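Asks: Build me a structure from this.
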Amino acid sequence: MPRRRQRPLAGNRPSKATTIGPGTEGVTAATSLATLARLERFGIKPGLEAIGALVAADDHPESAYPAVLVAGTNGKGSTVAMADRALRAGGHRVGRYTSPHLVSLQERIVVDGSPIPHPALEEEATSLLSRADALVARGRLTTPPTFFEAITAIALSWFRRCEVDVALLEVGLGGRFDATNIVPARWGLITAIGLDHQAYLGNTLEAIAAEKAGIIKSNMTVVTTEDRLALRAIFSEAAASRGAHWVDAHRGTALSRVGADRLQIETTVHAYPPVRLGLTGFHQHLNALGAVRLLETMDSHGVAVPPSAIMAGLRDVEWPGRLQRVVSEGRTIWLDAAHNPAAAAALAAHLQESGAAPLPIVLAIMDDKDTEGIVRALAPIASRFVCTAPDTPRAIPSTSLARLVSNLVRPTPVRTAATPAAALRWDRVEADTVCVTGSIFLVGEMLRKLDEGP
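Replies: Model (predicted):
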């Protein structure tokens, strides 16, 4: 598909003030992002009614381009990043929507590798909030949208405005009732399933898989990377009952490790040469297989992605905060956003295999996560734990986390640090190599601190 020129921004037009529900302040371009952030107080509200009303009021931007929905417990963002890089290497204009962000809200909404500009985000937010206010006033919405619903609607609108050739959309939570599921996606991909968000998705892998399978729609081609038979059966049955085409990423493929750090994939479509992935960790091999099978299905349905572009996507992909190695002031810092036991186990396996372990673990965990499962996965590689808390009310206080960790890892030393930056002080870690993990909020705050310098 030919590249299109991005439409120009509307400029610095005065924005009409509006209100979002009773008792809220007026919104202009200058205040729109602050108002948007305040929507987080509405928390998580599963369901498609609100996002459906928002996109209908915007003349359905989600129907302006073909789209891919990517669900799963771990590996969604990494897989989206590989597919994004490959599609762009193939000459396509790509919209990418992911969550949460590490450092800036703009990271969530990306076109051709560039985050949405701040003025454009303000303008889109002002427009979205105005529409939401009108919907509340007319009774179409009983409450304002959640933060995630609002950001999703903004992303869909921005992608239409930028005339993308294809949009890659990472599901936020689950699948069936996630705001992204309002999109009539042509393709879907479901990555590995693990225990996370049980309060919303259920307490078993089967229940969680069924929620993820909620993205499967009639006439969709959906790729899955799960290899457990019970979970594969859930996806197969969901696809059959809804008139979708199911692609088991493992069927007819060979995934092999070549040497210490290269991967080779052979499918029924193509035998790819060995490649060194742009992302670190053996667990990324499964994500790469999913991305390859997704791209092959897209190529067979009119979105040209030659093998050379697929290889570029695997080789040149960048996805910060996932086994990211940073050298700062002579120290090596591993940053990984692992926030559930499966992701923590993958991190531990890599650090063990690479010889980096044992090492100090700077740890923060949100209060809705499986703290015990995460800590037990990390304990074998920890020389000590330094417990801290990023600047979010969801974080377990550092002293409370330290008590929990101490009970699980005795006699491994456990310390606390008032802030993530303080956690890296020599008197806390006493080591030249450190791992920072447990929360994407912690990793994001640490990246901001490292960017600022000493």
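Asks: Tally up the residues packed near Ala271, please.
Replies: 11 (other CB atoms under 10 Å). Yep, even glycine has a C-beta here, placed from its N, CA and C like the rest.
Asks: Name whatever forms a beta bridge with it.
Replies: Glu266 (DSSP bridges).
Asks: And the pLDDT for it?
Replies: Listed pLDDT for Ala271 reads 98.
Asks: Tell me how far it lies from Leu289.
Replies: 14 Å (CB to CB, to the nearest Å).
Asks: Thr152 now?
Replies: 28 Å.
Asks: out of those two, which sits in the more crowded spot?
Replies: Thr152 (29 against 22).
Asks: next one: the helix or strand of the chain with the lowest mean pLDDT to chain centre, how far?
Replies: The weakest-scoring helix or strand in the chain, judged by mean pLDDT, DSSP states H and E, is helix 426-429 (a mean of 82). With CA atoms, centre = their mean, to the nearest Å as the basis, helix 426-429 stands 31 Å off its chain's centre.
Asks: now stretch 224-233
Replies: Taking mean C-alpha positions (CA atoms, centre = their mean), stretch 224-233 and its chain are 21 Å apart.
Asks: ok, now stretch 116-125?
Replies: 21 Å.
Asks: Residue ranges in the chain under the pLDDT threshold?
Replies: By pLDDT under 70, the low-scoring segments of the chain are 1-30, 260, 453-454.
Asks: show me the biggest helix of it in terms of residues.
Replies: Scanning the chain for the helix with the most residues, using DSSP state H, yields helix 118-137.
Asks: After that helix, which helix or strand is next?
Replies: Sequence order places helix 147-161 as the next helix or strand after helix 118-137, per DSSP states H and E.
Asks: Go through that next one and flag the buried ones.
Replies: Neighbour counts over helix 147-161 (16 or more other CB atoms under 10 Å) mark 147-161 as buried.
Asks: Likewise for stretch 312-332?
Replies: Quick answer for stretch 312-332 (16+ other CB under 10 Å): 312-314, 317, 319-324, 326.
Asks: Break the protein down into its domains, please.
Replies: 32-316, 324-452 (automatic domain parsing).
Asks: How about Ala288, nearest residue that isn't a chain neighbour?
Replies: Leu314 (5.4 Å; CB to CB, 6 or more residues apart in numbering).
Asks: my guess is Phe147 meets Ala37, correct?
Replies: Yes. Contact criterion CB atoms under 8 Å: Phe147 and Ala37 qualify, at 7.2 Å.
Asks: re earlier: just the C-alphas of the least confident helix or strand of the chain, formatted as PDB.
Replies: The C-alpha trace of helix 426-429 is given here as PDB (Å, rounded to 0.1, in the frame of the first residue of the first chain):
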ATOM      1  CA  TRP A 426      25.600   1.800  46.700                       C
ATOM      2  CA  ASP A 427      24.700   1.400  50.400                       C
ATOM      3  CA  ARG A 428      21.500  -0.200  49.300                       C
ATOM      4  CA  VAL A 429      22.600  -2.700  46.700                       C
END
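Asks: Need the CA coordinates for whichever helix or strand comes after that helix. PDB is fine.
Replies: Toward the C-terminus, helix 426-429 is succeeded by strand 433-437 as the next helix or strand (DSSP H and E). Extracted in PDB, the C-alpha atoms of strand 433-437 (Å, rounded to 0.1, in the frame of the first residue of the first chain):
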ATOM      1  CA  THR A 433      25.100  -5.200  38.400                       C
ATOM      2  CA  VAL A 434      21.400  -4.700  39.500                       C
ATOM      3  CA  CYS A 435      18.000  -5.800  38.300                       C
ATOM      4  CA  VAL A 436      15.000  -3.500  38.600                       C
ATOM      5  CA  THR A 437      11.600  -5.300  38.200                       C
END
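Asks: Give me the angle between the helix or strand just after strand 433-437 and strand 433-437.
Replies: In the C-terminal direction, the helix or strand that comes right after strand 433-437 (DSSP H and E) is helix 440-452. Helix 440-452 runs at 130 degrees relative to strand 433-437, counting by axes from the mean of the first three to the mean of the last three CA atoms, to 10 degrees.
Asks: Number the residues from 584 up from this point.
Replies: New numbering, starting at 584: the last item is helix 1023-1035.
Asks: Just the buried residues of helix 1023-1035, please?
Replies: Here helix 1023-1035 shows 1023-1030, 1033 as buried, counting by 16+ other CB under 10 Å.
Asks: And stretch 630-638, by the same measure?
Replies: 631, 633-638.
Asks: Make CSV from these and add secondary structure and distance to Arg671 to it.
Replies: Conversion of these to CSV gives the following (DSSP: H, G, I helix; E, B strand; the rest coil; distance: CB to CB, whole Å):
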residue, secondary structure, distance to Arg671
Leu631, coil, 30
Ala633, helix, 32
Ile634, helix, 27
Gly635, helix, 30
Ala636, helix, 33
Leu637, helix, 28
Val638, helix, 26
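Asks: With distance to Val754 added, can I get those in CSV?
Replies: As requested, the buried residues of stretch 630-638 are exported to CSV (distance: CB to CB, whole Å):
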residue, distance to Val754
Leu631, 13
Ala633, 16
Ile634, 12
Gly635, 16
Ala636, 20
Leu637, 17
Val638, 16
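Asks: ok, the residues you listed vs Met803, which is closest?
Replies: Using CB to CB, Leu631 is the member of the buried residues of stretch 630-638 that sits closest to Met803, with 16.3 Å.
Asks: now the spatially closest residue to that closest one that is not a sequence neighbour: how far from Ala736?
Replies: Once flanking residues are discounted, Leu631 sits nearest to Ile765: 5.4 Å by CB to CB, 6+ apart. Distance, Ile765 to Ala736, using CB to CB: 9 Å.
Asks: Next, count neighbours for Val841.
Replies: With other CB under 10 Å as criterion, Val841 counts 12.
Asks: for it, what are its contacts?
Replies: 847, 857 (CB atoms under 8 Å, 6 or more residues apart in numbering).
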